[in-house]
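Chemist: Give me the fold of what follows.
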Amino acid sequence: MIRKFKSMLAALALSALALPASADPLAKDVFGSFRQSNGGPAGAFGGYSRGCATGNIPLPETGPTWQAMRLSRNRNWGHPQLVDFLVGLSQQATRYGWAGLYIGDMSQPMGGPMTSGHASHQIGLDADIWMLPPSSLRLTPSQRENLSSQSVVAKNGIRPSPLWSASHHAIIRAAASDPRVARIFVDPVAKLAMCQSERGNRAYLRKIRPINAHDYHFHVRLACPNQGCENQAPPPPGDGCEEAAQWIRNRIDPPPPAPADPNYRHPRTYRLSELPRTCQALVAR
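Modeler: All right, here's what the predicted structure looks like:
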C-alpha cells in the first residue's frame, strides 16, 4: 500500500503542468463541483488552507453515536483517520452523559477551497464539532438544515454561558489527548474555563488554541499523515492559558486594531494554478 501511494504521488506530481490563463479557473469552483471522492489511497496534499485530498471517505450521515449536520453542503468527507477519530470521539462522548455528537463541516469530497465559509478544511483533516449536546440522533435531513448549535459564551463575551459544562471540558480534553490531533480551536472563554478547572495533567491544554467565532463549535485538526502534506508549526510551549486570558482582556479593553495585511487573500480567491501541483494534476486527469 505504501509503495502504491508513493507511485501515485510521483505520477501526480510529474503530470502537473502550468495552466494557461484561459484554463485557470477559481479553485473553489473546481473542487466545489465534485460530489464524490476519487477513491484510491488516502492522502492530504498542501496545507490546511491551500491544498486538496485524495481518497476521502464520507462520515456516514447517521451512526449509533453521531449525526452529520447540514447535509446539503456535502462537507461530511475526510481522510479515513479523521472519520475514525470522529466516530471514536462520539463514542467517548457517551461516557460524559451525551447521546453522541453532532458533526458539522469536515471537508469536500476532493478537499480544496470551499465555495463559501472556511479558509481551511481543505485536506480532509479538519472537522467542526457542535457544542450542542444532541437531543436526538434521529433527525431528518430537514431538521439538520434548520437546527442550530448554541454558544458556550455569554453575550458579554467574557464568561461561559449556561450551556458550558464539565462534559464539554471532558469531551474536548478527550479529543486533545488523541495523538493524531495537532490542534483544537475554541473560543478563549472556553479555553480559560478549562484552564481554571483542570486539576490533572495539563499537557493537552497546549493543543487547545483560542480563536474567535468558535463558541458554537470546536474545530479539530489532525496532524499530517503523509508526505506532501504541510503541518503547521507546533503550538508554542506551555499550556497557553495566559494567552487565552489576554484574548478576553482584549475584549474588555480592545487594543488599537492591527494594520490589515495587504497581501492577505482569502483562499476562495485562489486560482487552480496557485494550488500545489499535485492538486492541479488531480483535477486534470
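
Chemist: rest of the way, CA atoms for contacts and neighbours
Modeler: Will do.

Chemist: buried ones in stretch 155-168?
Modeler: For stretch 155-168, the neighbour count (16 or more other CA atoms under 10 Å) marks Gly157, Ile158, Arg159, Pro160, Ser161, Trp164, Ser167, His168 as buried.

Chemist: Quick check: chain neighbours aside, which residue is closest to the fourth one?
Modeler: By the measure of CA to CA, 6 or more residues apart in numbering, the closest residue to Pro160 outside its immediate chain neighbours is Val153, 4.3 Å from it.

Chemist: any idea how far that neighbour is from Arg251?
Modeler: Distance check for Val153 against Arg251: by CA to CA, to the nearest Å, it reads 13 Å.

Chemist: just Arg265 next, same as before
Modeler: Using CA to CA, one gets 26 Å for the distance from Arg265 to Arg251.

Chemist: tell me the phi and psi of Trp77?
Modeler: Main-chain dihedrals, Trp77, degrees, to the nearest 10: phi -110, psi 150.

Chemist: Am I right that it is in contact with Ile103?
Modeler: No: counting by CA atoms under 8 Å, Trp77 does not reach Ile103; the two are 11.1 Å apart.

Chemist: quick revisit: please report how far the residue nearest to Pro160 lies from Gly40.
Modeler: Val153 is 42 Å from Gly40, where distance means CA to CA.

Chemist: Mind checking which of these two has more residues around it?
Modeler: The residue with more neighbours, out of Val153 and Gly40, is Val153; 21 against 12, by other CA atoms under 10 Å.

Chemist: Near the closest residue to Gly47 other than its chain neighbours, how many residues? Count them for me, please.
Modeler: Distances taken as CA to CA, 6+ apart place Glu230 nearest to Gly47, at 4.9 Å, with adjacent residues excluded. Glu230: 18 surrounding residues under other CA under 10 Å.

Chemist: Is it correct that Glu230 is in contact with Cys224?
Modeler: Yes: counting by CA under 8 Å, Cys224 is a contact partner of Glu230 at 6.7 Å.

Chemist: As a check, name the ranges of all strands in this protein.
Modeler: Using DSSP state E, the strands of the chain run over 43-47, 50-54, 57-58, 62-63, 66-68, 77-78, 101-103, 126-130, 181-186, 208-210, 217-222.

Chemist: Format those strands as a markdown table; extra columns: mean pLDDT and distance to Leu147.
Modeler: Listed next are those as a markdown table, based on pLDDT from 0 to 100; distance: least, CA to CA, whole Å:
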| stretch | mean pLDDT | distance to Leu147 |
| --- | --- | --- |
| strand 43-47 | 98 | 31 |
| strand 50-54 | 98 | 29 |
| strand 57-58 | 98 | 21 |
| strand 62-63 | 98 | 16 |
| strand 66-68 | 98 | 12 |
| strand 77-78 | 98 | 21 |
| strand 101-103 | 98 | 11 |
| strand 126-130 | 98 | 11 |
| strand 181-186 | 98 | 21 |
| strand 208-210 | 98 | 26 |
| strand 217-222 | 98 | 14 |
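
Chemist: Quick one: residues contacting the closest residue to Gln36 other than its chain neighbours.
Modeler: Among residues not flanking Gln36 along the chain, Pro109 sits closest, at 5.2 Å (CA to CA, 6+ apart). Listed by CA atoms under 8 Å, 6 or more residues apart in numbering, the contact partners of Pro109 are 34-38, 53, 56-58, 74-75, 77-78.

Chemist: Give me the phi and psi angles of the closest residue to Ala213 other than its chain neighbours.
Modeler: By the measure of CA to CA, 6+ apart, the closest residue to Ala213 outside its immediate chain neighbours is Asp187, 6.7 Å from it. Dihedral pair for Asp187: phi -60, psi 140, per degrees, to the nearest 10.

Chemist: With Gly200 as the reference, measure out to Asp187.
Modeler: Noted for Asp187: a distance of 22 Å to Gly200, by CA to CA.

Chemist: which one of these two has more residues nearby?
Modeler: Set Asp187 next to Gly200 and count neighbours by other CA under 10 Å: Asp187 wins out with 26 against 6.

Chemist: close enough to count as contact, that one and Asp215?
Modeler: Yes: using CA under 8 Å, Asp187 is in contact with Asp215, at 5.2 Å.
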